[in-house]
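1. got a structure for you, letters missing:
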């Protein structure tokens, strides 16, 4: 059995832990509007794109009916996650809040190319 260890190709050192972070709607969320129609969508999207570009968010997006989002995050600890996500314009506007943060041992990632033998 071979495990691919190429998960999390961001700019962080391999010693960084991976976390499953679930974000949920906050009191500022308008349930009558679609996600991209919420206030400050463009600012939120740019912020999240930046987190992905810097390797903090490995992957993520809405799950189920869209009432929650799930992100795989590389960070030193939960405090770093809370601090970084607290900078999201949607966090300060009360549209999103952190639901749960759990350590996540990612052993498989089919998106990574397998080295040629």
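-> Thanks, I have the structure now. These numbers come from a predicted model, not from an experiment.

2. Next, the buried residues of stretch 82-94.
-> Neighbour-count burial for stretch 82-94 flags 84, 85, 88, 89, 90, 91, 93 (criterion: 16 or more other Cβ atoms under 10 Å). For the C-beta atoms, the positions are set from N, CA and C on the backbone; glycine is no exception.

3. Looking at these, which one is closest to residue 60?
-> For the buried residues of stretch 82-94, the residue nearest residue 60 by Cβ to Cβ is residue 85; the value is 11.0 Å.

4. So that closest one is in contact with residue 21, correct?
-> Yes - the pair residue 85 and residue 21 passes the contact test of Cβ atoms under 8 Å, sitting 7.3 Å apart.

5. Okay, and which of the buried residues of stretch 82-94 map to strands?
-> Per DSSP state E, strands hold no members of the buried residues of stretch 82-94.

6. Dump those to JSON lines, plus distance to residue 29 and pLDDT.
-> Below are these laid out as JSON lines (distance: Cβ to Cβ, whole Å; pLDDT from 0 to 100):
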{"residue": "84", "distance to residue 29": "20", "pLDDT": "98"}
{"residue": "85", "distance to residue 29": "16", "pLDDT": "98"}
{"residue": "88", "distance to residue 29": "13", "pLDDT": "98"}
{"residue": "89", "distance to residue 29": "13", "pLDDT": "98"}
{"residue": "90", "distance to residue 29": "9", "pLDDT": "98"}
{"residue": "91", "distance to residue 29": "12", "pLDDT": "98"}
{"residue": "93", "distance to residue 29": "9", "pLDDT": "97"}
